[in-house]
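> the following comprises the amino acid sequence and a computationally predicted model.
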Amino acid sequence: QVQLVESGGGLVQPGGSLTLSCATSGFNQDYWAIGWFRQAPEEAREEVSCISSSGEVTRYGEAAQGRFTISRDNAKSRVYLQMNDLKPEDSAIYYCVMDCLAAEGPIYWGQGTQVTVSS
C-alpha cells in the first residue's frame, strides 16, 4: 500500500523557516519522482516543487523559486522541503505527491500538512 506521510507543518512568523518532511512507504522511492503541491483555501492546487528519482533534477513553482529547496534521502525514504523567508501567502496545506513528473499529474497524494504564516 502506497503511503506518503507529511510532517513538519505549523505556525511560523513571516520571514521564518520550516522544513517539511515526507515519509514514503509501500513502494521503492528510488525509482520515482516525488514532489510537493499546496492548496490554500478557495485556491487551486499548485505545484511547489518536484525532484527526480536520482535527485539530479529539481523543478520549482514560481512562488518557491529562490526561497524553497527540495531534497531527498532515498536510503531513508524521505523527501524534504526547506522553506525560507516564508510569507503569509505561503499559508496552505502542503501535500507530498508521487510521480510529479507524470504528464497526467501525480498518481498518489499524502494527506497534507498545514502551514500557516502569520504574525
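Looks like it arrived, so ask away. Numbers count the residues shown, from 1 in each chain.
> from here on, just use CA atoms for contacts and neighbour counts.
Will do.
> which element is the residue nearest to the spatial centre of the chain on?
When Cα atoms, centre = their mean is applied to the chain, the residue found nearest the centroid is W36 (2.6 Å). For W36, the host element (DSSP states H and E) is strand 34-39.
> adjacent strands (with direction) for that strand?
Strand partners for strand 34-39, identified by DSSP bridges, are recorded as strand 46-51 (antiparallel), strand 92-98 (antiparallel).
> can I get the CA coordinates of the first one in CSV?
In other words, strand 46-51. Output of strand 46-51 as CSV, limited to C-alpha atoms (Å, rounded to 0.1, in the frame of the first residue of the first chain):
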residue,chain,number,x,y,z
GLU,A,46,-0.4,24.4,-7.3
GLU,A,47,2.9,22.6,-7.7
VAL,A,48,5.5,23.8,-5.3
SER,A,49,8.5,21.6,-6.3
CYS,A,50,9.4,18.3,-7.8
ILE,A,51,12.6,16.2,-7.6
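> numbering from 883 from now on, please.
Right, with 883 as the first residue, what we last looked at is strand 928-933.
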